[in-house]
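Enquirer: Here is my input, please return the structure:
(one chain, ligands or ions: 3)
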Amino acid sequence: YLTLAIESSCDETSAAVLKDGREVLSNIISTQVEEHKKFGGVVPEVASRKHVENINMVIDEALEKANVTLDNIDHIGVTYGPGLVGALLVGLSTAKAMAYALDMPLVGVNHIEGHICANYIEHKDLKPPFMCLIVSGGHTHLAHVKDYGVYEMLGRTRDDAVGEAFDKVARAMGLGYPGGPIIDKLAKTGNCEAIKFPRVYLENGSYDFSLSGLKSAVLNYLNSQRQKGIEIVEEDVAASFQRAVLDVLVKKAIDGAVEKKLDTIVIAGGVAANSGLRHMLKEEGKKHNIKVLYPPLELCTDNAAMIGCAAYYNYKAGKISNMYLNAVPGLKLGSV
Ligand code: ATP
Ligand code: MG
Ligand code: FE
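Expert: Ligands and ions are numbered 1, 2, ... in the order given. Below is the predicted model:
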């Protein structure tokens, strides 16, 4: 059973071919990072234009690398939200045109659901139920995955997403874009106890997150050091900031799994690439007999393979879209 998948929600144009949902035959990713670097973040208009320029090439390459033609494809999966509306529309219009012309089922996919599904590709035995910590550029959720496509949301961020906080802190330190991988690298050689940054746990028993206070604390620290003319040790700031984020993420993920009596925690989204998060959650999990899984690095950030996997499970559940499918920039998980 072959899926062709298309992803264009942010700044990666990607197409993939999958066999039976979990076997990746090709996963072509054209990233626009260099285009957006000079602006310190994604510029929506630039993203849309680049998607238009690249999408056909990326699809052709995905088919070629998988060694299949469009005649072999059984359905087309495409991200329809959440994301930048102009960016989403490029992938969505392409997928709709192909599905219509080839008379093929069209399957709309929630991008966040795609991030979760990246784990199914890597871990062939993984199946629901499990606890999922979703940490990406725009989202932070703790979700109980009860079945394929069935989610109980335990908590979400009340302000900044985790990836966003990494990017903003890195920007304030003048480290470049995207900041997550740079902070991760610096943190490895820094002292995580050098600077006391706040851990925000919110009300007792809450699984929500709040990162804006921590972000402000880091910015205030940088400003006051600069004013005093004291040299900033980047490694220590990175390590102390990262540790403050991870302490809260790890505690809430473990608490959630224990409360719901789940023996597996899965990490999803771009920040699942963070080496500190992977290590710390794995170690904490061991203490509670909880298995911790995450995707390989190339499947953590945006790619079409994860969208293809989600499309496969949607299709099997009868969740097929029609030609009226529109981009939904603020699409929520569970509102498919
Ligand atoms: P969303 O998925 O919420 O729509 P997005 O698609 O823009 O947002 P992703 O591609 O999932 O986001 O992830 C990108 C984010 O991951 C960026 O904020 C980036 O800084 C962060 N990131 C990537 N690698 C790491 C890392 N090693 N450590 C921390 N953060 C990282
Ligand atoms: Mg991106
Ligand atoms: Fe993403």
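Enquirer: Show me what the helix or strand hosting residue 151 is packed up against.
Expert: Using DSSP states H and E, residue 151 maps to strand 150-156. Packing partners of strand 150-156 (3 or more CB pairs under 8 Å, 6 or more residues apart in numbering; DSSP states H and E): strand 140-147, helix 234-259. Backbone N, C-alpha and C define where each C-beta goes, glycine included.
Enquirer: And the ones you listed: which comes nearest residue 226?
Expert: Each of the helices and strands packed on strand 150-156 was scored for nearness to residue 226 using CB to CB, and the closest is helix 234-259 (11.9 Å).
Enquirer: next one: that closest one to chain centre, how far?
Expert: On the basis of CA atoms, centre = their mean, to the nearest Å, the separation between the geometric centre of helix 234-259 and that of its chain is 17 Å.
Enquirer: angle of it against strand 150-156?
Expert: 130 degrees (axes from the mean of the first three to the mean of the last three CA atoms, to 10 degrees).
Enquirer: Tell me which helix or strand comes right after helix 234-259.
Expert: Trace forward from helix 234-259 with DSSP H and E and the next one is strand 264-268.
Enquirer: in its sheet, what does that following strand sit against?
Expert: strand 130-135 (parallel), strand 291-293 (parallel) (DSSP bridges).
Enquirer: of all the ones you listed, which lies closest to ligand 1?
Expert: Taking CB to the nearest ligand atom as the criterion, ligand 1 comes closest to strand 130-135 out of the strands paired with strand 264-268, the separation being 7.7 Å.
Enquirer: now that closest one, how far from the chain's geometric center?
Expert: Worked out by CA atoms, centre = their mean, strand 130-135 lies 11 Å from the chain centre.
Enquirer: Then stretch 314-325?
Expert: 22 Å.
Enquirer: who touches it?
Expert: Under the contact criterion CB atoms under 8 Å, 6 or more residues apart in numbering, stretch 314-325 has outside partners 3, 21, 75, 77, 80, 92, 96, 99-100, 105-109, 148-149, 336.
Enquirer: Tell me the pLDDT of the residue most central in space within the chain.
Expert: Central residue of the chain (CA atoms, centre = their mean): residue 269, 2.3 Å from the mean position. For residue 269, the pLDDT comes out at 98.
Enquirer: Likewise for residue 77?
Expert: So, for residue 77, pLDDT stands at 98.
Enquirer: Leaving out the residues flanking it, which one is nearest to it?
Expert: Of all residues beyond its chain neighbours, the one nearest residue 77 is residue 311 (2.4 Å), with distances taken as CB to CB, 6 or more residues apart in numbering.
Enquirer: Return the residues in contact with that neighbour.
Expert: Here residue 311 is in contact with 3, 5, 75-78, 107, 109 (CB under 8 Å, 6+ apart).
Enquirer: how about the helix or strand where residue 284 lies as CSV, C-alpha atoms only?
Expert: Assessed by DSSP H and E, residue 284 sits inside helix 275-287. Listed next in CSV are the C-alpha coordinates belonging to helix 275-287 (Å, rounded to 0.1, in the frame of the first residue of the first chain):
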residue,chain,number,x,y,z
SER,A,275,20.2,15.7,23.3
GLY,A,276,19.7,16.9,26.9
LEU,A,277,15.9,16.1,26.8
ARG,A,278,16.5,12.7,25.3
HIS,A,279,19.1,11.8,27.9
MET,A,280,17.3,13.2,30.9
LEU,A,281,13.9,11.8,30.1
LYS,A,282,15.4,8.3,29.4
GLU,A,283,17.2,8.4,32.8
GLU,A,284,14.2,9.5,34.7
GLY,A,285,12.0,7.0,32.9
LYS,A,286,14.3,4.2,34.0
LYS,A,287,13.6,5.0,37.6
